[in-house]
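Participant: build me a model from this:
(chains A and B)
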2 protein chains.
Amino acid sequence: MKKLINDPERVVQEELEGIALAHPDLVKVHFNPNYIVRADAPIKGKVGIISGGGSGHEPMHGGFVGLGMLDAACPGAVFTSPTPDQMLEATKAVSGGAGVLHIVKNYTGDVMNFEMAADLAKAEGIEVESVVIDDDVAVKDSLYTAGRRGVGSTVLAEKLCGAAAEEGRSLKEVADVCRKVKDWGRSMGMALTSCAVPHVGKPTFDLPEDEMEIGIGIHGEPGRKRMKIKPADEIVEMLMEPIISDIPYKEGDEVILFVNGMGGTPLIELYIVYRKAYEIATKHGLKVVRNLIGPYITSLEMAGTSITMLKVDEDMIKLWDAPVKTAGLRWGI
Amino acid sequence: MKKLINDPERVVQEELEGIALAHPDLVKVHFNPNYIVRADAPIKGKVGIISGGGSGHEPMHGGFVGLGMLDAACPGAVFTSPTPDQMLEATKAVSGGAGVLHIVKNYTGDVMNFEMAADLAKAEGIEVESVVIDDDVAVKDSLYTAGRRGVGSTVLAEKLCGAAAEEGRSLKEVADVCRKVKDWGRSMGMALTSCAVPHVGKPTFDLPEDEMEIGIGIHGEPGRKRMKIKPADEIVEMLMEPIISDIPYKEGDEVILFVNGMGGTPLIELYIVYRKAYEIATKHGLKVVRNLIGPYITSLEMAGTSITMLKVDEDMIKLWDAPVKTAGLRWGI
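Facilitator: You can find the predicted model right below:
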């Protein structure tokens, strides 16, 4: 598969160099170990928030570092967990004395390394809470994960927790917001095409020209099933049904509806997906009060979409609306 | 090529329905004729700004309707010019008594239809100015265009003119900003893969697995040349050289550097492109004072990138920094 890169082994390094040149007002990029940190970190008295994971899902997480969202992000190699020393250094860099929250996507490597980093940080006297996001209803236990995978809810957790930390809440209170997102968010994705990891040089999987895969993971992990391509409305039904049957809601509940692009799917198609997802949510008595539409948690150049629905209360809506200033998400400032 | 759509003939209709459901706080969608208009239009005493063109370039233009940018956008069928009646109705819908600016990309159909719409609007007593953007240095005269094509500078023109109109400038003054962008902006693009128009159902052109096309148009029009794929840095040199040799600049001038994704290229690659483009601009004594990186003027699912460089003065930087609140671009509010 064709890519705009120089050296497959230097993709993340050169991407980080690009980010450093593009956004010096927002972030500093630290190399060896690699992490992206708010330009004004650490902020005294504010809870620090870090996340991280394999690269290839941009703008997540590095694009979400800035006021009102993450204090730092640790990018691993493409589709490869970052190391504990990256996470430890990032934790120390954002520690302003009020503790640090680790927002972790449920992938075995990420979970293990964030646990180790948290232990090391605690040993250095930094209070750490960790919340593992596991919102993907497609499959239980898969290629890289025990339990459900962590996907789209992570983006929403980073926004809401970032706002909570910004307004001065305690570590426990910020972690409570994250636990609410973990409990109240559900996601499911699908792919029309594979992606290709640069240093592998070939598609992660083969998908015939008339087939799609429902329930795919963001690294191309197998989903629920392959089948002939269907019209968008039927695909959206196949994604929304498992989400709605799993999410703890009652009629009249309010939700944020997030239609994500996998990287290779144009926006025009995401609005067609949103149209049907909104209709289905509404038919079930859910009130879509906010939305997010675009490529925010991607899988390199994979064509496809994922849908995330997060039940929200009044406080979470307020946190959603709060100012955010990052390369990947920005409003109110 | 695989798409998340229902009926190829209803792609734009359903996309517009999705936009209407997603952004009622920002825009109203008018059907038959189709246009997307600011929810609070017309604004008494403010210059109205409209643009439009074939669909398939999202978020341009519909995603740029809102405070500080466009007052309305007219989407044609995919890669097909909108009709004069769409443009006339949009012009009337945004006319607040201070005149209306038409920002037109240089494609023969767009230019012709906007001219006709302007004449009709003038006949109804609305003052109209039109500026035709023709910033693509790749080729002179191509498949759908006499002269240079209008591409990435259009996005920047919409932002700067929108800010100028928002602060109460006159029609002539807003059009002057647009003429500056036309004079001081240059672009060039390239493709790794083709796109496919939904109702055509097959790729617009064939590009072998080891080739790319330099100077491609946003509808897949032929560019300057095809060749074997090169490393990203060499590709960026091939795009930046014609831009820099054409742009009227002197050492020390300030520029906005816009690295655009064609729709199917992930963000991680755009930062690798930015890294080199920034280096080349800097080497030529240009000072990159602002940037924009992401898929803003796309060609459906085409993989590739375009680079736009716009020389700016102090006033233009101030207009760039002014608040904007649209689905596709937002800050400061």
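
Participant: list the buried residues in stretch A:204-216.
Facilitator: A:204-205, A:207, A:212-216 (16 or more other Cβ atoms under 10 Å in any protein chain shown). Just so you know, the C-beta spots here come from the backbone N, C-alpha and C atoms, and that holds for glycine as well.

Participant: dump the residues you listed to a markdown table, plus distance to chain B and secondary structure.
Facilitator: Listed next are those as a markdown table, based on distance: Cβ to the nearest Cβ, whole Å; DSSP: H, G, I helix; E, B strand; the rest coil:
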| residue | distance to chain B | secondary structure |
| --- | --- | --- |
| A:Thr204 | 14 | coil |
| A:Phe205 | 14 | coil |
| A:Leu207 | 9 | coil |
| A:Met212 | 7 | strand |
| A:Glu213 | 11 | strand |
| A:Ile214 | 12 | strand |
| A:Gly215 | 16 | coil |
| A:Ile216 | 13 | coil |
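
Participant: helices along the stretch 201-333 of chain A, start to end?
Facilitator: In the stretch 201-333 of chain A, the helices defined using DSSP state H, counting those that start in this stretch lie at A:232-246, A:267-283, A:314-321.

Participant: A:Leu70: which of those is closest?
Facilitator: Nearest of the helices of the stretch 201-333 of chain A to A:Leu70, taken as Cβ to Cβ: helix A:314-321 at 14.3 Å.

Participant: neighbouring contacts of that closest one?
Facilitator: For helix A:314-321, contacts defined as Cβ atoms under 8 Å, 6 or more residues apart in numbering or on different chains pick out A:156, A:159-160, A:163-164, A:177, A:180-181, A:254, A:256, A:289-290, A:310, A:312, A:332.

Participant: returning to what we had before: and among the helices of the stretch 201-333 of chain A, the most buried is which?
Facilitator: Mean neighbour count, computed with mean count of other Cβ atoms under 10 Å in any protein chain shown, is highest for helix A:267-283 among these, reaching a mean of 24.

Participant: OK, contacts around the residue lying closest to A:Leu310 once chain neighbours are set aside?
Facilitator: Of all residues not flanking A:Leu310 in the chain, A:Gly185 sits nearest, at 4.1 Å (Cβ to Cβ, 6 or more residues apart in numbering or on different chains). Residues counted as contacts of A:Gly185 (Cβ under 8 Å, 6+ apart) are A:133, A:135, A:152-153, A:156-157, A:247, A:308-311.

Participant: ok, A:Gly185 to A:Thr108 distance?
Facilitator: Separation of A:Gly185 from A:Thr108 (Cβ to Cβ, to the nearest Å) stands at 20 Å.

Participant: what does the average pLDDT come to for stretch A:174-183?
Facilitator: In this model, stretch A:174-183 has a mean pLDDT of 98.

Participant: convert it to PDB, retaining C-alpha atoms only.
Facilitator: Output of stretch A:174-183 as PDB, limited to C-alpha atoms (Å, rounded to 0.1, in the frame of the first residue of the first chain):
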ATOM      1  CA  VAL A 174     -11.500  13.500  37.600                       C
ATOM      2  CA  ALA A 175     -11.100   9.700  37.700                       C
ATOM      3  CA  ASP A 176     -14.800   9.400  38.600                       C
ATOM      4  CA  VAL A 177     -15.700  11.200  35.400                       C
ATOM      5  CA  CYS A 178     -13.500   8.700  33.500                       C
ATOM      6  CA  ARG A 179     -15.200   5.800  35.200                       C
ATOM      7  CA  LYS A 180     -18.600   7.200  34.200                       C
ATOM      8  CA  VAL A 181     -17.400   7.300  30.600                       C
ATOM      9  CA  LYS A 182     -16.100   3.700  30.900                       C
ATOM     10  CA  ASP A 183     -19.500   2.600  32.300                       C
END
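
Participant: list the buried residues in it.
Facilitator: A:174-175, A:177-178, A:180-182.

Participant: mind checking which of those are in helices?
Facilitator: A:174-175, A:177-178, A:180-182 (DSSP state H).

Participant: now the residues you listed as a markdown table including distance to chain B?
Facilitator: What follows is those, written out as a markdown table (distance: Cβ to the nearest Cβ, whole Å):
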| residue | distance to chain B |
| --- | --- |
| A:Val174 | 25 |
| A:Ala175 | 29 |
| A:Val177 | 23 |
| A:Cys178 | 25 |
| A:Lys180 | 24 |
| A:Val181 | 21 |
| A:Lys182 | 26 |
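
Participant: got the domain boundaries for chain A?
Facilitator: Here the domain parsing of chain A from automatic domain parsing is A:12-183, A:185-331.

Participant: roughly how far is the last one from the heart of the chain?
Facilitator: Using Cα atoms, centre = their mean, to the nearest Å, the mean C-alpha position of domain A:185-331 is found 11 Å from that of the whole chain.

Participant: got it, and the longest one?
Facilitator: Between the centre of domain A:12-183 and the centre of its host chain there is 10 Å, according to Cα atoms, centre = their mean.

Participant: for the stretch 51-200 of chain A, just list every one of the strands.
Facilitator: Assigned by DSSP state E, counting those that start in this stretch, the stretch 51-200 of chain A shows strands spanning A:72-78, A:100-105, A:128-133, A:185-191.

Participant: got JSON lines for those, with distance to A:Lys92 too?
Facilitator: Compiled in JSON lines, the strands of the stretch 51-200 of chain A are given as follows (distance: least, Cβ to Cβ, whole Å):
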{"stretch": "strand A:72-78", "distance to A:Lys92": "10"}
{"stretch": "strand A:100-105", "distance to A:Lys92": "9"}
{"stretch": "strand A:128-133", "distance to A:Lys92": "11"}
{"stretch": "strand A:185-191", "distance to A:Lys92": "29"}
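
Participant: which of those strands sits closest to A:Gly328?
Facilitator: Among those, if distance is taken as Cβ to Cβ, the winner is strand A:72-78, at 10.4 Å.

Participant: what number of residues lie near A:Gly285?
Facilitator: Residues lying near A:Gly285 (other Cβ atoms under 10 Å in any protein chain shown) number 11.

Participant: same question, A:Lys230
Facilitator: 16.

Participant: and for A:Gln86?
Facilitator: 24.

Participant: thought it was touching A:Cys74?
Facilitator: Yes - counting by Cβ atoms under 8 Å, A:Gln86 does reach A:Cys74; the two are 4.2 Å apart.

Participant: any residues in contact with both of those two?
Facilitator: Counting by Cβ under 8 Å, 6+ apart, the residues touching both A:Gln86 and A:Cys74 are A:33-35, A:52.

Participant: which of those has the largest number of neighbours?
Facilitator: A:Gly52 leads these on contacts (other Cβ under 10 Å) with 31 neighbours.

Participant: tell me how far it lies from A:Gly76.
Facilitator: 7 Å.

Participant: list residues touching both of these two?
Facilitator: A:82, A:86.

Participant: got the domains of chain A as CSV, with distance to B:Val29 columns?
Facilitator: Converted to CSV, the domains of chain A look like this (distance: least, Cβ to Cβ, whole Å):
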stretch, distance to B:Val29
domain A:12-183, 26
domain A:185-331, 11
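
Participant: figure out which of the ones you listed is closest to B:Glu241.
Facilitator: Of the domains of chain A, the one closest to B:Glu241 (Cβ to Cβ) turns out to be domain A:12-183, at 19.6 Å.

Participant: show the end-to-end separation of that closest one, please.
Facilitator: Across domain A:12-183, the terminal residues are separated by 32 Å (Cα to Cα, to the nearest Å).

Participant: check stretch A:7-27 too.
Facilitator: Stretch A:7-27: ends 25 Å apart by Cα to Cα.

Participant: now A:Ala22, what are its backbone angles?
Facilitator: phi -80, psi -30 (degrees, to the nearest 10).

Participant: around chain B, which positions in the stretch 101-250 of chain A sit nearby?
Facilitator: A:192-193, A:209, A:212, A:229, A:231-233, A:235 (Cβ under 8 Å from any Cβ of the partner chain).

Participant: now these as JSON lines including pLDDT?
Facilitator: Shown next, in JSON lines, are those (pLDDT from 0 to 100):
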{"residue": "A:Leu192", "pLDDT": "98"}
{"residue": "A:Thr193", "pLDDT": "97"}
{"residue": "A:Glu209", "pLDDT": "93"}
{"residue": "A:Met212", "pLDDT": "98"}
{"residue": "A:Ile229", "pLDDT": "98"}
{"residue": "A:Pro231", "pLDDT": "98"}
{"residue": "A:Ala232", "pLDDT": "98"}
{"residue": "A:Asp233", "pLDDT": "98"}
{"residue": "A:Ile235", "pLDDT": "98"}
